[in-house]
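**Student:** okay, here's the prediction I keep looking at, along with the sequence it came from:
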Amino acid sequence: MSPKAEIVGSIPSQKMTLSKAFAFLINNYGIECFLGSNLVSILNDLTDYEGNRAAKSLLREFVVNHTLSEFITRCDSDSLERVRQRALIEYGFNEKITEYVISSIAESTGISIMVSKDESFENKAYTKEPSTSCHPPKNVPYIIQFMGLHLGEHKSNFNNVLRSKGFRCKYKGRFAGLVSMYKEHGGDMSDYDLVDWEEFEGQFADQDCMSLVLFATPITHRVYRVEVKMRYSGDSDRECQKYIYPCYTFFYDLLTSKYGTPINELPVDLSLGACSNEGKGLTYNDGETTLTLTIEQALPSTNYFQVVLRYSSNNVQTLTLEKRQQQSINIANEQAHRQQLMSDV
(Lines give C-alpha, C1' and ligand atoms only; values in the text may rest on other atoms or scores of the structure.)
Protein backbone atom coordinates (compact mmCIF):
# COMPACT_ATOMS: atom_id res chain seq x y z
CA MET A 1 0.00 0.00 0.00
CA SER A 2 1.93 3.00 -1.24
CA PRO A 3 1.41 6.55 0.06
CA LYS A 4 -0.43 7.38 -3.17
CA ALA A 5 -2.74 4.38 -3.05
CA GLU A 6 -6.48 5.04 -3.24
CA ILE A 7 -9.06 2.93 -1.46
CA VAL A 8 -11.24 0.93 -3.82
CA GLY A 9 -14.83 1.98 -3.32
CA SER A 10 -16.17 4.59 -0.92
CA ILE A 11 -15.23 4.90 2.72
CA PRO A 12 -18.23 4.11 4.97
CA SER A 13 -19.85 7.23 6.40
CA GLN A 14 -19.84 5.86 9.95
CA LYS A 15 -16.81 4.82 11.95
CA MET A 16 -16.34 1.07 12.38
CA THR A 17 -14.54 -1.17 14.83
CA LEU A 18 -10.81 -1.70 14.35
CA SER A 19 -11.30 -5.32 13.26
CA LYS A 20 -13.81 -4.27 10.60
CA ALA A 21 -11.45 -1.51 9.46
CA PHE A 22 -8.66 -4.07 9.06
CA ALA A 23 -11.02 -6.34 7.12
CA PHE A 24 -12.03 -3.42 4.89
CA LEU A 25 -8.38 -2.72 4.01
CA ILE A 26 -7.54 -6.40 3.50
CA ASN A 27 -10.47 -6.79 1.11
CA ASN A 28 -9.23 -3.83 -0.94
CA TYR A 29 -5.44 -4.22 -0.71
CA GLY A 30 -4.77 -7.73 0.51
CA ILE A 31 -2.97 -8.55 3.73
CA GLU A 32 0.06 -6.56 2.53
CA CYS A 33 -1.81 -3.46 3.73
CA PHE A 34 -0.25 -4.05 7.16
CA LEU A 35 3.13 -3.02 5.72
CA GLY A 36 1.90 0.32 4.40
CA SER A 37 3.71 3.33 5.83
CA ASN A 38 0.40 5.24 5.83
CA LEU A 39 -1.57 2.48 7.57
CA VAL A 40 -2.38 4.56 10.66
CA SER A 41 -3.44 7.65 8.72
CA ILE A 42 -5.87 5.59 6.62
CA LEU A 43 -7.23 3.82 9.71
CA ASN A 44 -7.95 7.21 11.26
CA ASP A 45 -10.59 7.71 8.53
CA LEU A 46 -12.14 4.33 9.22
CA THR A 47 -12.22 3.92 13.01
CA ASP A 48 -12.16 5.89 16.25
CA TYR A 49 -10.42 2.92 17.97
CA GLU A 50 -13.41 2.63 20.30
CA GLY A 51 -11.78 4.92 22.83
CA ASN A 52 -8.44 3.08 22.86
CA ARG A 53 -6.27 6.03 21.87
CA ALA A 54 -2.98 4.26 22.52
CA ALA A 55 -3.83 1.72 19.80
CA LYS A 56 -2.60 4.27 17.26
CA SER A 57 0.77 4.42 19.01
CA LEU A 58 1.09 0.63 19.00
CA LEU A 59 0.22 0.47 15.30
CA ARG A 60 2.85 3.14 14.61
CA GLU A 61 5.41 0.94 16.37
CA PHE A 62 4.34 -1.96 14.16
CA VAL A 63 4.76 0.15 11.03
CA VAL A 64 8.10 1.74 12.00
CA ASN A 65 9.63 -1.58 13.09
CA HIS A 66 8.00 -3.73 10.37
CA THR A 67 6.71 -5.94 13.15
CA LEU A 68 4.03 -7.56 10.98
CA SER A 69 6.36 -8.66 8.15
CA GLU A 70 6.57 -12.28 9.30
CA PHE A 71 2.87 -12.39 10.14
CA ILE A 72 1.71 -11.43 6.65
CA THR A 73 3.98 -14.13 5.23
CA ARG A 74 2.77 -16.94 7.48
CA CYS A 75 -0.61 -15.58 8.64
CA ASP A 76 -0.90 -18.03 11.53
CA SER A 77 -1.45 -17.93 15.29
CA ASP A 78 2.23 -18.51 16.09
CA SER A 79 3.47 -15.47 14.18
CA LEU A 80 0.64 -13.35 15.62
CA GLU A 81 1.64 -14.48 19.11
CA ARG A 82 5.16 -13.22 18.44
CA VAL A 83 3.68 -9.86 17.46
CA ARG A 84 1.77 -9.81 20.75
CA GLN A 85 4.91 -10.59 22.73
CA ARG A 86 6.90 -7.83 21.05
CA ALA A 87 4.12 -5.34 21.83
CA LEU A 88 4.16 -6.27 25.52
CA ILE A 89 7.89 -6.75 26.05
CA GLU A 90 9.86 -4.71 23.52
CA TYR A 91 7.43 -1.83 23.05
CA GLY A 92 6.12 -1.82 26.63
CA PHE A 93 2.38 -1.50 25.95
CA ASN A 94 -0.11 -2.62 28.57
CA GLU A 95 -2.23 -5.73 28.12
CA LYS A 96 -5.51 -3.93 27.41
CA ILE A 97 -4.20 -2.07 24.36
CA THR A 98 -2.18 -5.04 23.12
CA GLU A 99 -5.11 -7.45 23.33
CA TYR A 100 -7.38 -4.93 21.61
CA VAL A 101 -5.08 -4.60 18.59
CA ILE A 102 -4.09 -8.29 18.41
CA SER A 103 -7.66 -9.55 18.70
CA SER A 104 -8.74 -7.08 16.00
CA ILE A 105 -6.04 -8.40 13.64
CA ALA A 106 -7.02 -11.99 14.47
CA GLU A 107 -10.72 -11.35 13.84
CA SER A 108 -10.08 -9.60 10.53
CA THR A 109 -7.85 -12.43 9.26
CA GLY A 110 -9.86 -15.34 10.65
CA ILE A 111 -7.06 -16.52 12.97
CA SER A 112 -7.86 -18.14 16.31
CA ILE A 113 -5.95 -16.91 19.35
CA MET A 114 -5.96 -18.57 22.74
CA VAL A 115 -6.41 -16.22 25.71
CA SER A 116 -7.97 -17.70 28.83
CA LYS A 117 -10.55 -15.50 30.52
CA ASP A 118 -9.50 -16.94 33.86
CA GLU A 119 -5.78 -16.36 33.36
CA SER A 120 -4.17 -13.03 32.61
CA PHE A 121 -1.36 -12.75 30.11
CA GLU A 122 0.95 -11.81 32.96
CA ASN A 123 0.39 -15.17 34.64
CA LYS A 124 0.56 -16.95 31.31
CA ALA A 125 4.02 -15.49 30.74
CA TYR A 126 5.32 -17.31 33.81
CA THR A 127 4.89 -20.73 32.26
CA LYS A 128 8.10 -22.63 31.69
CA GLU A 129 6.75 -24.45 28.68
CA PRO A 130 8.36 -22.77 25.64
CA SER A 131 6.13 -21.56 22.87
CA THR A 132 6.44 -23.56 19.67
CA SER A 133 6.45 -20.26 17.80
CA CYS A 134 9.94 -19.58 19.12
CA HIS A 135 11.38 -22.71 17.60
CA PRO A 136 12.45 -23.32 14.01
CA PRO A 137 12.37 -26.70 12.24
CA LYS A 138 14.26 -29.35 14.22
CA ASN A 139 17.00 -29.74 11.60
CA VAL A 140 18.23 -26.12 11.63
CA PRO A 141 22.04 -26.53 11.67
CA TYR A 142 23.09 -23.07 12.82
CA ILE A 143 23.38 -20.93 15.96
CA ILE A 144 22.76 -17.20 15.54
CA GLN A 145 25.27 -14.89 17.20
CA PHE A 146 26.07 -11.20 16.95
CA MET A 147 29.82 -10.62 16.65
CA GLY A 148 30.38 -13.90 18.48
CA LEU A 149 27.98 -13.04 21.32
CA HIS A 150 24.62 -14.58 22.21
CA LEU A 151 21.65 -12.32 22.84
CA GLY A 152 20.95 -12.37 26.56
CA GLU A 153 24.55 -11.62 27.56
CA HIS A 154 25.38 -8.51 29.60
CA LYS A 155 25.48 -5.22 27.74
CA SER A 156 29.10 -4.62 28.79
CA ASN A 157 30.18 -7.63 26.72
CA PHE A 158 28.62 -6.07 23.63
CA ASN A 159 30.15 -2.68 24.43
CA ASN A 160 33.63 -4.19 24.71
CA VAL A 161 33.33 -6.03 21.40
CA LEU A 162 31.93 -3.01 19.57
CA ARG A 163 34.66 -0.69 20.85
CA SER A 164 37.34 -3.24 19.93
CA LYS A 165 36.02 -3.07 16.38
CA GLY A 166 36.17 0.71 16.25
CA PHE A 167 32.54 1.58 16.98
CA ARG A 168 31.85 4.88 18.72
CA CYS A 169 28.94 5.45 21.11
CA LYS A 170 26.67 8.25 19.85
CA TYR A 171 23.81 8.25 22.36
CA LYS A 172 22.56 6.26 25.32
CA GLY A 173 19.71 6.49 27.76
CA ARG A 174 16.42 5.02 28.92
CA PHE A 175 13.10 5.52 27.19
CA ALA A 176 9.59 4.18 27.19
CA GLY A 177 8.63 4.14 23.55
CA LEU A 178 7.95 6.71 20.88
CA VAL A 179 7.29 10.37 21.59
CA SER A 180 3.83 9.91 20.08
CA MET A 181 2.94 7.57 22.97
CA TYR A 182 3.84 10.25 25.47
CA LYS A 183 1.74 12.88 23.73
CA GLU A 184 -1.29 10.67 23.22
CA HIS A 185 -1.31 9.75 26.90
CA GLY A 186 -1.20 13.35 28.00
CA GLY A 187 2.28 12.96 29.47
CA ASP A 188 1.42 9.86 31.54
CA MET A 189 4.08 7.20 30.96
CA SER A 190 3.04 4.93 33.85
CA ASP A 191 1.91 2.17 31.48
CA TYR A 192 5.29 1.85 29.78
CA ASP A 193 8.50 0.15 30.81
CA LEU A 194 11.90 1.76 30.60
CA VAL A 195 14.35 0.34 28.08
CA ASP A 196 18.12 0.61 28.50
CA TRP A 197 19.66 1.46 25.11
CA GLU A 198 22.87 2.62 23.45
CA GLU A 199 23.47 3.75 19.87
CA PHE A 200 26.80 3.32 18.05
CA GLU A 201 28.23 4.15 14.65
CA GLY A 202 31.08 2.55 12.73
CA GLN A 203 31.87 -0.10 10.12
CA PHE A 204 29.73 -3.25 10.21
CA ALA A 205 31.18 -6.04 8.03
CA ASP A 206 33.17 -3.36 6.20
CA GLN A 207 29.97 -1.47 5.34
CA ASP A 208 29.04 2.05 6.50
CA CYS A 209 26.72 1.62 9.48
CA MET A 210 24.59 4.69 10.17
CA SER A 211 23.20 3.33 13.44
CA LEU A 212 23.76 0.25 15.60
CA VAL A 213 21.47 0.15 18.63
CA LEU A 214 21.63 -2.20 21.63
CA PHE A 215 18.36 -2.71 23.56
CA ALA A 216 18.80 -4.13 27.07
CA THR A 217 16.59 -5.04 30.01
CA PRO A 218 16.36 -2.26 32.63
CA ILE A 219 17.52 -4.24 35.69
CA THR A 220 20.09 -6.82 34.63
CA HIS A 221 21.17 -4.99 31.43
CA ARG A 222 20.95 -8.08 29.24
CA VAL A 223 20.82 -7.33 25.53
CA TYR A 224 17.65 -8.73 23.97
CA ARG A 225 17.69 -6.90 20.65
CA VAL A 226 20.25 -5.41 18.25
CA GLU A 227 19.34 -3.24 15.25
CA VAL A 228 21.91 -2.48 12.57
CA LYS A 229 20.83 0.25 10.13
CA MET A 230 22.95 0.91 7.10
CA ARG A 231 23.33 4.11 5.09
CA TYR A 232 20.00 5.34 3.72
CA SER A 233 19.25 6.85 0.33
CA GLY A 234 16.35 7.92 -1.88
CA ASP A 235 13.99 5.73 -3.86
CA SER A 236 15.23 6.71 -7.32
CA ASP A 237 16.53 3.95 -9.57
CA ARG A 238 20.03 5.44 -9.54
CA GLU A 239 20.24 5.62 -5.76
CA CYS A 240 18.77 2.14 -5.28
CA GLN A 241 21.26 0.60 -7.69
CA LYS A 242 24.17 2.55 -6.19
CA TYR A 243 23.49 2.22 -2.45
CA ILE A 244 20.53 0.15 -1.27
CA TYR A 245 20.56 -2.93 -3.49
CA PRO A 246 24.35 -3.54 -3.46
CA CYS A 247 24.20 -3.33 0.34
CA TYR A 248 21.22 -5.70 0.52
CA THR A 249 22.84 -8.17 -1.90
CA PHE A 250 26.10 -8.03 0.09
CA PHE A 251 24.42 -9.04 3.37
CA TYR A 252 22.08 -11.48 1.61
CA ASP A 253 25.08 -13.36 0.24
CA LEU A 254 26.85 -13.31 3.62
CA LEU A 255 23.84 -14.61 5.55
CA THR A 256 22.86 -17.33 3.07
CA SER A 257 26.48 -18.47 2.92
CA LYS A 258 26.67 -18.64 6.72
CA TYR A 259 23.20 -19.89 7.65
CA GLY A 260 21.87 -21.45 4.45
CA THR A 261 18.23 -21.30 3.41
CA PRO A 262 16.12 -18.89 5.52
CA ILE A 263 12.97 -20.12 7.24
CA ASN A 264 10.99 -17.27 5.63
CA GLU A 265 11.69 -15.00 2.67
CA LEU A 266 9.83 -12.25 0.86
CA PRO A 267 12.01 -11.92 -2.27
CA VAL A 268 13.33 -8.45 -3.10
CA ASP A 269 12.83 -7.44 -6.75
CA LEU A 270 15.95 -5.49 -7.68
CA SER A 271 14.25 -4.13 -10.80
CA LEU A 272 11.78 -2.13 -8.70
CA GLY A 273 12.21 0.88 -6.43
CA ALA A 274 12.88 0.50 -2.72
CA CYS A 275 9.32 1.58 -1.89
CA SER A 276 7.99 -1.52 -3.68
CA ASN A 277 10.37 -3.71 -1.66
CA GLU A 278 9.64 -2.15 1.73
CA GLY A 279 9.42 -4.83 4.43
CA LYS A 280 10.73 -7.57 2.17
CA GLY A 281 13.74 -9.71 3.02
CA LEU A 282 14.62 -12.91 4.84
CA THR A 283 14.32 -14.43 8.33
CA TYR A 284 16.41 -16.94 10.28
CA ASN A 285 15.51 -18.49 13.64
CA ASP A 286 17.61 -20.91 15.70
CA GLY A 287 15.06 -21.27 18.51
CA GLU A 288 16.72 -18.70 20.77
CA THR A 289 17.28 -15.78 18.39
CA THR A 290 15.49 -14.42 15.32
CA LEU A 291 17.58 -12.65 12.65
CA THR A 292 15.99 -10.61 9.86
CA LEU A 293 17.41 -8.73 6.87
CA THR A 294 14.96 -6.24 5.35
CA ILE A 295 14.62 -3.05 3.34
CA GLU A 296 12.83 -0.46 5.46
CA GLN A 297 11.75 3.16 5.35
CA ALA A 298 14.49 5.19 7.01
CA LEU A 299 12.40 8.19 8.03
CA PRO A 300 8.59 8.25 8.46
CA SER A 301 6.63 9.79 5.58
CA THR A 302 9.69 10.11 3.33
CA ASN A 303 11.08 8.32 0.28
CA TYR A 304 14.32 7.41 2.06
CA PHE A 305 15.08 3.71 2.59
CA GLN A 306 17.83 1.60 4.10
CA VAL A 307 18.96 -1.98 4.72
CA VAL A 308 18.34 -3.19 8.29
CA LEU A 309 19.61 -6.26 10.14
CA ARG A 310 17.70 -7.06 13.32
CA TYR A 311 18.65 -9.64 15.97
CA SER A 312 15.85 -10.37 18.47
CA SER A 313 15.78 -12.69 21.49
CA ASN A 314 12.95 -15.23 21.63
CA ASN A 315 13.28 -15.54 25.42
CA VAL A 316 10.24 -13.41 26.16
CA GLN A 317 9.26 -15.33 29.30
CA THR A 318 12.47 -14.23 31.04
CA LEU A 319 11.94 -10.63 29.96
CA THR A 320 8.36 -10.65 31.24
CA LEU A 321 9.56 -12.02 34.58
CA GLU A 322 12.10 -9.21 34.84
CA LYS A 323 9.37 -6.70 34.04
CA ARG A 324 7.29 -7.97 36.96
CA GLN A 325 10.32 -8.10 39.23
CA GLN A 326 10.91 -4.43 38.49
CA GLN A 327 7.32 -3.64 39.40
CA SER A 328 7.71 -5.52 42.69
CA ILE A 329 10.92 -3.64 43.51
CA ASN A 330 9.22 -0.31 42.81
CA ILE A 331 6.30 -1.22 45.08
CA ALA A 332 8.65 -2.36 47.86
CA ASN A 333 10.68 0.86 47.63
CA GLU A 334 7.53 2.95 47.75
CA GLN A 335 6.27 1.10 50.82
CA ALA A 336 9.63 1.47 52.56
CA HIS A 337 9.64 5.20 51.82
CA ARG A 338 6.13 5.56 53.18
CA GLN A 339 7.14 3.76 56.39
CA GLN A 340 10.04 6.20 56.72
CA LEU A 341 7.66 9.15 56.32
CA MET A 342 5.28 7.70 58.92
CA SER A 343 8.16 7.40 61.41
CA ASP A 344 8.88 11.10 60.97
CA VAL A 345 5.46 12.26 62.14
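**Tutor:** Everything's here; your move.

**Student:** tell me where the model's unsure across the protein.
**Tutor:** For the chain, the stretches with pLDDT under 70 are 1-13, 113-139, 173-195, 315-328.

**Student:** can you give me the helices for it?
**Tutor:** Listed in chain order, the helices of the chain (DSSP state H) span residues 18-29, 39-46, 54-65, 69-74, 77-89, 95-109, 121-124, 155-164, 179-184, 237-239, 245-259, 316-343.

**Student:** so which of these is nearest residue 143?
**Tutor:** Proximity to residue 143 (CB to CB) singles out helix 245-259 among the helices of the chain, at 9.4 Å. C-betas here are computed from N, CA, C, even on glycine.

**Student:** in that closest one, which residues are buried?
**Tutor:** 245, 247, 248, 251, 252, 255, 259 (16 or more other CB atoms under 10 Å).

**Student:** look up the closest residue to the fourth one, ignoring the ones flanking it.
**Tutor:** In other words, residue 251. Distance criterion CB to CB, 6 or more residues apart in numbering; nearest residue to residue 251, sequence neighbours excluded, is residue 293 at 5.5 Å.

**Student:** bridging residues for that neighbour?
**Tutor:** residue 282, residue 309 (DSSP bridges).

**Student:** out of the helices of the chain, which is closest to residue 144?
**Tutor:** helix 245-259 (7.4 Å).

**Student:** how close does residue 199 get to residue 99?
**Tutor:** Plainly put, residue 199 is 32 Å away from residue 99 if you go by CB to CB, to the nearest Å.

**Student:** what of residue 223?
**Tutor:** 28 Å.

**Student:** who's more crowded, the two?
**Tutor:** residue 223 (26 against 17; other CB atoms under 10 Å).

**Student:** now the strands for the stretch 101-250 of the chain?
**Tutor:** Taking DSSP state E, counting those that start in this stretch, the strands of the stretch 101-250 of the chain run over residues 168-175, 195-204, 207-216, 223-230.

**Student:** gap between the third one and the chain center?
**Tutor:** Right, the one you point to is strand 207-216. 15 Å (CA atoms, centre = their mean, to the nearest Å).

**Student:** show residues contacting it.
**Tutor:** 90, 155, 158-159, 162, 167, 170, 195-204, 222-232, 247, 250-251, 306 (CB atoms under 8 Å, 6 or more residues apart in numbering).

**Student:** how about 7 Å then?
**Tutor:** Strand 207-216 is contacted from outside by 155, 158, 167, 195-204, 222-232, 247, 250, using CB atoms under 7 Å, 6 or more residues apart in numbering.

**Student:** try the last one
**Tutor:** Contacts of strand 223-230 with the rest of the structure, by CB under 7 Å, 6+ apart, involve 90, 146, 151-153, 155, 158, 204, 207-217, 247, 306-313, 319.

**Student:** just the buried residues from these, in ChimeraX please.
**Tutor:** This is how ChimeraX selects the buried members of these, with burial counted by 16+ other CB under 10 Å:
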select :90,146,151,152,153,155,158,204,209,211,212,213,214,215,216,217,247,306,307,308,309,310,311,312,313,319
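
**Student:** next one: residue 284 relative to residue 198, how far apart?
**Tutor:** Applying CB to CB to residue 284 and residue 198 gives a distance of 24 Å.

**Student:** which of these two has more neighbours?
**Tutor:** Each of residue 284 and residue 198 has its neighbours counted (other CB under 10 Å); residue 284 has more, 24 against 19.

**Student:** that one touches residue 263, doesn't it?
**Tutor:** Yes - assessed by CB atoms under 7 Å, residue 284 is found in contact with residue 263 at 6.3 Å.

**Student:** what is the burial count for residue 224?
**Tutor:** The tally of other residues near residue 224 (other CB under 10 Å) stands at 23.

**Student:** how close does the residue nearest to it when sequence neighbours are not counted sit to residue 217?
**Tutor:** Closest residue to residue 224 apart from its sequence neighbours, by CB to CB, 6+ apart: residue 313 at 4.1 Å. As judged by CB to CB, residue 313 and residue 217 stand 10 Å apart.

**Student:** now swap in residue 111 and tell me
**Tutor:** Distance, residue 111 to residue 217, using CB to CB: 30 Å.

**Student:** picking that back up, just send the helices of the chain back as a markdown table, with distance to residue 280 too.
**Tutor:** Putting the helices of the chain into a markdown table (distance: least, CB to CB, whole Å) gives the following:
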| stretch | distance to residue 280 |
| --- | --- |
| helix 18-29 | 16 |
| helix 39-46 | 16 |
| helix 54-65 | 15 |
| helix 69-74 | 8 |
| helix 77-89 | 16 |
| helix 95-109 | 20 |
| helix 121-124 | 31 |
| helix 155-164 | 28 |
| helix 179-184 | 26 |
| helix 237-239 | 17 |
| helix 245-259 | 9 |
| helix 316-343 | 25 |
